[in-house]
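In: Starting from these lines, generate the structure:
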Amino acid sequence: MFREILLTFRHGGCGSYTAPVHTPTRLATAALVAVCAGAALTAAPSAAVLNVRAWRETRERQIVGELMRLVALPNIASNRADIARNADLLTTMFEARNFNVMRVETPGSPVLIARRDIANARGTLLFYFHYDGQPSDPKAWTRGGPFAPVVMSGPNLFPLETTSTTLNPELRVYGRSTSDDKGPIVALLAAVDGLAATKASPAWNLRIVLDGEEEAGSPNFGAAMKQHAADVRADIAVVVDSPRHPSGLPTVFYGSRGTSGAVITVYGAVTDLHSGNYGNFTTDPTMALAKLLASMKDDNGNVRIKNFTDGVVPLTPAEHRAIGELPNVDAKLLEQFGLMQAEHPDSRIELQHNHPTLSITGIESGAVSAGARSAIPGSASARVEMRLVKGLDAQTQFDRLVAHIREQGFHVTDTEPDRQTRRAHRRIARVTRTGGGFPVAKASLEDPRTAPVVSAIRSLDQRLAQMPTIGGSLPFATFSETLALPTIGLAIVNFDNNQHGPDENLRLGNLWDGIDIFAALLTMSR
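Out: Residues are numbered from 1 along each chain as shown. Here you go, the predicted model:
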């Protein structure tokens, strides 16, 4: 029988092919095979992956339990005692899988380097994770708490301890760092367990690097890696962080944005003043700050700071093709976030990830809650964050921001203005650069040295999203630039995981997929 069909194949190295309509199904399939000769067209997981998957289906409750024990440990980088407890537990977890764990002490959080060598290894594979998390306000959580993880089925608490071994992949574990980044650590360890339980072994020597300060900008991580470069030398580095593409496709990425930022404080009188007695007399620093911030972008969301995009390296043809092959998720995101229109409706989100940003992430001035005083505050502050792309550096963007503030008529200082300075200038802004942050990182998606990772993930079901750059920032450059390793990023967790916010969560289906992916990578061909 004939039926109208439309088949398009975009991945697997065979280009794009659309089968003709009104073609017999078998003939259409044959035509597609002819076009993609030598390429696997259907899911073809290896026996090792299938065995690990079958093993996992008998151990799901135990895997989730291990994740919840890890998530229950508070892990804010500024709390050294809590971070030490995380490092201790992770050391125990890796040692139980026959890894030798080195604890590298730094001025901040310890870096853990877990090593496991394999007989007749095909090479050495490095994985990066971080075990610290974002600060959390327990009162803002509606499901469990930051460090009181729970399993939820929609809005309902799920009794994990009384269930059968197989769990619905739509269940979610709530807790700080379930997705960012403890869940992926547990997925890797489960893959190692699954291989061992099915009488298999990784085919690569393994180097696992665990960073305890990523959410604080990894201020000590780069130095630790340079000091121990020989201990983490590898053929391929895989940076595991970030959510999947919102389409839900398995996702790899080849770069991350850098960061630059500042705190801007605008001054009025030397003290708060009665808003009635002095409302038409003194400078209102909140109003002045609002106007200053508004001057930085036009009504269409374009940054108005001079030279803000000068030096940006454009996308390559291959990167444009990779973005073009991604499902367009803009409409999905607008619905998810309750928005009518994107800031740049003529440019999809993946293209915007390759442009620098300027965002206001916080404003502080007076109070708006019940009982607030009727007073004009003496100062108002805002935190400005800039994400950087290839061709930009943090100091240059900061200098461009300061130049713009001066052009708006402000006297700029980096210290608290004294009375003499206040009397000499009508408008004063203190601008201090925020510390930490990451440099821009960018690897080539055409690098043949990372191609085995891509092939291994595609072998699972042929679907793959390749992102030239992710929106976030992480220490990708430590591996791709400082250590000069062939580097690729891997995103496992669900895009709607609420990372950095209340009710962070991990969908179990993504955890299961992650175990499959790690099993494929640990046993992949060279």
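In: Residue 268 is in contact with residue 378, isn't it?
Out: Yes - the pair residue 268 / residue 378 is scored as a contact, 5.5 Å apart, by C-beta atoms under 8 Å. Placement of C-beta: from N, CA and C, glycine included.
In: Looking at these two, which is more packed in?
Out: Legend: neighbour count by other C-beta atoms under 10 Å for residue 268 and residue 378, higher for residue 268 (23 against 17).
In: Just give the number of residues close to the nearest residue to residue 305 once chain neighbours are set aside.
Out: Nearest residue to residue 305, sequence neighbours excluded (C-beta to C-beta, 6 or more residues apart in numbering): residue 404, at 4.4 Å. Residues near residue 404, counting by other C-beta under 10 Å, number 20.
In: Contacts only, for residue 489.
Out: By C-beta atoms under 8 Å, 6 or more residues apart in numbering, the contact set of residue 489 is 238-242, 252-256, 467, 470, 476.
In: can you rerun that using 6 Å?
Out: For residue 489, the contacting residues are 239, 253, by C-beta atoms under 6 Å, 6 or more residues apart in numbering.
In: quick one: it is in a helix?
Out: No - assessed with DSSP: H, G, I helix; E, B strand; the rest coil, residue 489 is strand; it does not lie in a helix.
In: Please tell me how far it sits from residue 441.
Out: Remark: distance between residue 489 and residue 441 (C-beta to C-beta, to the nearest Å) = 9 Å.
In: likewise residue 353?
Out: For residue 353, the distance to residue 441 - C-beta to C-beta - is 13 Å.
In: In terms of neighbours, single out the busier of those two.
Out: Using other C-beta under 10 Å as the criterion, residue 353 and residue 441 rank with residue 441 on top: 27 against 21.
In: Touching, that one and residue 256? I think so.
Out: Yes - if you go by C-beta atoms under 6 Å, residue 441 and residue 256 touch, sitting 5.1 Å apart.
In: burial measure for residue 52, as a count.
Out: Neighbours of residue 52 (other C-beta under 10 Å): 29.
In: Just say helix, strand or coil for it.
Out: Secondary structure of residue 52, per three-state DSSP, is helix.
In: ok, now which ones touch the residue nearest to it when sequence neighbours are not counted?
Out: The shortest distance from residue 52 to any non-neighbouring residue, by C-beta to C-beta, 6+ apart, is to residue 194 (3.4 Å). Residue 194 is in contact with 52, 55, 56, counting by C-beta under 6 Å, 6+ apart.
In: Please, which helix or strand holds the second one?
Out: Right, the one you point to is residue 55. For residue 55, the enclosing helix or strand under DSSP states H and E is helix 47-56.
In: how close does the residue positioned nearest the centre of the chain sit to residue 75?
Out: Nearest residue to the geometric centre of the chain (C-alpha atoms, centre = their mean): residue 242, 2.7 Å. Remark: distance between residue 242 and residue 75 (C-beta to C-beta) = 18 Å.
In: do you know how far the residue nearest to residue 52 is from residue 511?
Out: On the measure of C-beta to C-beta, residue 194 and residue 511 end up 13 Å apart.
In: ok, back up a step: next secondary structure after the one helix or strand the residue nearest to residue 52 maps to?
Out: Per DSSP H and E, residue 194 falls inside helix 183-197. As assigned by DSSP H and E, the chain's next helix or strand after helix 183-197 is strand 205-211.
In: Kindly export that following strand (C-alpha atoms) in CSV.
Out: Output of strand 205-211 as CSV, limited to C-alpha atoms (Å, rounded to 0.1, in the frame of the first residue of the first chain):
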residue,chain,number,x,y,z
ASN,A,205,41.2,5.1,31.7
LEU,A,206,39.1,7.5,33.7
ARG,A,207,39.9,10.8,35.3
ILE,A,208,37.0,12.4,37.2
VAL,A,209,37.5,16.0,38.4
LEU,A,210,35.1,17.4,41.0
ASP,A,211,35.0,21.2,41.5
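In: how many degrees apart are it and helix 183-197 in direction?
Out: 160 degrees (axes from the mean of the first three to the mean of the last three C-alpha atoms, to 10 degrees).
In: from the chain's centre, how far out does strand 205-211 sit?
Out: Its chain's C-alpha centre and that of strand 205-211 lie 18 Å apart, by C-alpha atoms, centre = their mean, to the nearest Å.
In: And the contacts of that strand?
Out: 90, 112-118, 121, 124-131, 218, 221, 232, 234.
In: mind listing what's buried in stretch 136-151?
Out: Under the neighbour-count criterion of 16 or more other C-beta atoms under 10 Å, stretch 136-151 has 136, 141, 143, 144, 145, 146, 147, 149, 150, 151 buried.
In: Make sure residue 68 is indeed in a helix.
Out: Yes - counting by three-state DSSP, residue 68 is part of a helix.
In: Spit out the contact partners of it.
Out: residue 149.
In: Spatially nearest residue to residue 93, not counting backbone neighbours?
Out: residue 189 (6.2 Å).
In: Distance of the residue nearest to residue 52 relative to residue 56?
Out: 6 Å.
In: How about residue 321?
Out: Where residue 56 is concerned, residue 321 sits at a distance of 35 Å (C-beta to C-beta).
In: now residue 127
Out: In terms of C-beta to C-beta, residue 127 sits 19 Å off from residue 56.
In: now do residue 126
Out: In terms of C-beta to C-beta, residue 126 sits 24 Å off from residue 56.
In: Residue 408 now?
Out: Taking C-beta to C-beta, one finds residue 408 at 58 Å from residue 56.
In: now do residue 426
Out: Taking C-beta to C-beta as the measure, residue 426 falls 67 Å from residue 56.
In: more crowded one of the two?
Out: residue 56 (24 against 10).
In: Overlap in contacts, residue 441 and residue 256.
Out: Common contact partners of residue 441 and residue 256 (C-beta under 6 Å, 6+ apart): residue 476.
In: Please enumerate the strands of the stretch 401-526 of the chain.
Out: In the stretch 401-526 of the chain, strands defined by DSSP state E, counting those that start in this stretch lie at 411-413, 428-433, 441-442, 465-467, 487-491, 505-507, listed in chain order.
In: Nearest to residue 166, out of those strands?
Out: The closest of those to residue 166 is strand 505-507. By C-beta to C-beta, the value is 15.6 Å.
In: Excluding covalently adjacent residues, which one is nearest to residue 104?
Out: residue 111 (4.3 Å).
In: Oops, could you answer that again for residue 466 instead?
Out: Using C-beta to C-beta, 6+ apart, the nearest residue to residue 466 is residue 322, at 4.4 Å.
In: Doesn't the one you found lie inside a helix?
Out: Yes - assessed with three-state DSSP, residue 322 lies in a helix.
In: Burial check on it, number of neighbours?
Out: Neighbours around residue 322, by other C-beta under 10 Å: 21.
In: What of residue 76?
Out: 18.
In: Would you tell me which one of the contacts of residue 194 comes nearest to residue 520?
Out: When the contacts of residue 194 are compared for distance to residue 520 (C-beta to C-beta), residue 52 wins out at 9.0 Å.
In: Quick check: buried residues in stretch 453-468?
Out: 453-460, 462-468.
In: Show me those residues that map onto helices.
Out: Per DSSP state H, helices hold the following members of those: 453, 454, 455, 456, 457, 458, 459, 460.
In: Tell me which residues touch the fourth one, please.
Out: With C-beta under 6 Å, 6+ apart as the criterion, the residues that contact residue 456 are 520, 521, 524.
In: Include neighbour count, distance to residue 286 and pLDDT when you put those residues into a markdown table, please.
Out: What follows is those, written out as a markdown table (neighbours: other C-beta atoms under 10 Å; distance: C-beta to C-beta, whole Å; pLDDT from 0 to 100):
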| residue | neighbour count | distance to residue 286 | pLDDT |
| --- | --- | --- | --- |
| 520 | 22 | 55 | 98 |
| 521 | 23 | 52 | 98 |
| 524 | 23 | 57 | 97 |
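In: Many thanks, have a good one.
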